[in-house]
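In: What follows is a predicted protein model with its sequence.
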Amino acid sequence: MACKEMNEDTRKADTGKPRYHLIMKDFADQMNELSVIATIGAEKYGDQSWMLSTKPIAYLDAAYRHLAKYNQGQILDEETNQSHLLHVCWNILALDWFTKRGNE
């Protein structure tokens, strides 16, 4: 059925559901870079080894360090050649993962 033929009765009921395409489409480059950062970390430390941390606060410290480098005018991390801001995002995502599991 062509989109122009759809009406209220034939549309998929997505009201209230997350609209992932708003992130995946609009931030595709950033999502790819986050994947690159995760891959670099996995190659250096092992797949999902970050989940084994006993000091989740280390991810907040790492986020602050990357933010400080960005504030000093350094756009890319010297070790990974990836955006400091995306490193901040990755570290905050990791911290959020721990926080939601009660491991702050």
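Out: Perfect, thanks for sending it. Numbering: from 1, shown residues only.

In: so where is the chain shaky, pLDDT-wise?
Out: For the chain, the stretches flagged by pLDDT under 70 are 1-11, 104.

In: just so I have it, where are all the strands in the chain?
Out: Assigned strands in the chain: none (criterion: DSSP state E).

In: how far away is the residue positioned nearest the centre of the chain from Leu67?
Out: With distances taken as C-alpha atoms, centre = their mean, Trp90 lies nearest the centre of the chain, 4.8 Å away. From Trp90 across to Leu67, the span is 12 Å (C-beta to C-beta, to the nearest Å). (Each C-beta comes from the backbone N, C-alpha and C, glycine too.)

In: same deal with Pro18?
Out: Distance from Pro18 to Leu67, by C-beta to C-beta: 27 Å.

In: returning to what we had before: is it true that the residue nearest to the centre of the chain touches Val36?
Out: No: applying C-beta atoms under 8 Å as the test, Trp90 and Val36 come out as separate, 10.0 Å apart.
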